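Novice: Need coordinates for the following:
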Amino acid sequence: MPIPIVDSHVHLFPASHLPSLAWYGPNSHLGSQHCVDEYRQATSSTPIVPDSTKPLYLRGFILIETDRISSVEESGDGWKHVLDEVALLARIVRGEPVDGDQYRHVDRPPCLGIVPWAPVPGGAAALERYMDKVKDMSGTDDVWRRIRGVRYLVQDKPSGLMLQPGFIDGLKWLGKKQLTFDLGIDARQGGLWQLREAVEMMERVYEGVDEEDQVVMVINHLCKPNIRLPYTSSESITSHPDFLEWKSLITAMAQHPKTYMKLSGGFSELPLLTPASEPDISSLVERLHPWTDAVFDAFGPNRLMFGSDWPVCNLGGGGNDVTWRRWRTIVEGILERRGLSEEQRRGVWGEVVVKAYGIEIEGL
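Specialist: Numbering: from 1, shown residues only. Just a heads-up that it's a prediction; the model follows:
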């Protein structure tokens, strides 16, 4: 029986919204239309309904905020662009595009969940005001119920932010409201100190909090480890001090039962692939296995989920026509190498995603 995929990490933005993206510039490699039509093209190798001739099919995806220009304070344009993004995603769910959204409401996998930006460092008071506005922007109960959590990127923020009282208070508020938090940190470009700080933050957030009120934290992209370390063999990686500290910190995060990890972001860290020639998938699985073994050993397959990081994955994976399929194939190889049972593979491809985000859909 084909296994359903729920892609846990997808970004959408029409060309008309590019100026509101914090990372956008005239030379940006992602500076073009990336909406549902483009995602469907990227995933066209995988059917969106069960097909007995294919092992997998794409059941749906989770939309993650796209790092709009924003500030924790509401004043001025602090929340304008991020709320515009919520309105866009609400139109996508409702199938009501306006000029500039540029997508067709046909032949597409459904959006199963939405994770917008939120002013987490502002604490409970700011989050409550902001989420009220998100609910208004949602427009319908059907859209609002798909708001499953929030993200506030910390990978580009100064040290100490995650330990500020407002940030801790905000995460505890999310837990009480049954909203998840997507944690985005970057070991390679930001530094391993980000992981150290995240570990201390988790200890403060979970300490003394009843299990039912603990926030679910979904950690993005393996924390972006330095997969570019000089590679001659697996041992050259597993004995490297950077790898050993990354593994230790990942293991510390996994001690908290409400933490999950996304198998995503690999093409942002691996050497660049070209669209013309197909890569040696087995060699890429071998190159990644010290890192993926570490997260499987720490979290177990019941807290790991597939994510494509589309369209960011296109930058290193060879372009929109091939990258999503390549990453899916690499993950297939990782799961096979680990010797996962069919039940465990079903978990990684979709069941863990819907459990972590609290989504109820038929067939999962």
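Novice: how about the helices in the stretch 251-364 of the chain?
Specialist: 281-299, 314-317, 323-338, 342-346, 352-357 (DSSP state H, counting those that start in this stretch).
Novice: Show me the beta-bridge partners of the closest residue to A118 other than its chain neighbours.
Specialist: Leaving aside its sequence neighbours, A118 sits nearest to V150 (CB to CB, 6 or more residues apart in numbering; 3.5 Å). C-beta coordinates here come from the backbone N, C-alpha and C atoms, glycine included. Beta-bridge partners recorded for V150 (DSSP bridges): F181.
Novice: How about the contacts made by I69?
Specialist: I69 sits next to S20, L21, A22, D77, H81 when contact means CB atoms under 8 Å, 6 or more residues apart in numbering.
Novice: err, R188, not the other one
Specialist: If a contact means CB under 8 Å, 6+ apart, then R188 has K224, P225, N226, I227, R228, E269 as its contacts.
Novice: Give me the buried entries from these.
Specialist: K224, P225, N226, I227, E269 (16 or more other CB atoms under 10 Å).
Novice: Closest one of the contacts of I69 to V353?
Specialist: Closest approach between the contacts of I69 and V353, by CB to CB: L21, at 25.1 Å.
Novice: Who are the contact partners of that closest one?
Specialist: By CB under 8 Å, 6+ apart, the residues touching L21 are F13, T66, D67, R68, I69.
Novice: can you put the residues you listed in CSV and add pLDDT and distance to W324?
Specialist: Below are the contacts of L21 laid out as CSV (pLDDT from 0 to 100; distance: CB to CB, whole Å):
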residue, pLDDT, distance to W324
F13, 94, 17
T66, 98, 17
D67, 98, 20
R68, 98, 24
I69, 98, 28
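Novice: From the rest of the structure, what touches stretch 26-45?
Specialist: Here stretch 26-45 makes contact (CB under 8 Å, 6+ apart) with 7, 10-15, 18, 23-25, 58, 61, 92, 101-104, 107-109, 310-312, 314-315, 320-321, 323-325, 328.
Novice: Produce a ChimeraX select command limited to the buried residues of those.
Specialist: In ChimeraX, a selection of the buried entries from the contacts of stretch 26-45 looks like this (16+ other CB under 10 Å):
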select :7,10,11,12,13,14,18,24,58,61,92,101,103,108,109,310,311,312,314,320,323,324,325,328
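Novice: bridging residues for L58?
Specialist: Beta-bridge partners recorded for L58 (DSSP bridges): I5.
Novice: Please look at it and P50 and confirm they touch.
Specialist: No - using CB atoms under 8 Å, L58 is not in contact with P50, being 10.5 Å away.
Novice: did I read that right, S8 in a helix?
Specialist: No - read with DSSP: H, G, I helix; E, B strand; the rest coil, S8 is strand and lies in no helix.
Novice: returning to that earlier point: can you say which of the helices of the stretch 251-364 of the chain is packed in most?
Specialist: Stretch with highest mean neighbour count among the helices of the stretch 251-364 of the chain: helix 352-357 (a mean of 24; mean count of other CB atoms under 10 Å).
Novice: what is the mean pLDDT for it?
Specialist: The pLDDT scores in helix 352-357 average 98.
Novice: swap in stretch 204-218?
Specialist: So the average pLDDT for stretch 204-218 ends up being 98.
Novice: before we move on, what about stretch 157-168?
Specialist: The average pLDDT within stretch 157-168 is 98.
Novice: Straight-line length of it, end to end?
Specialist: From its first residue to its last, stretch 157-168 covers 15 Å (CA to CA, to the nearest Å).
Novice: again, but for stretch 146-155
Specialist: Start-to-end span of stretch 146-155 (CA to CA) is 26 Å.
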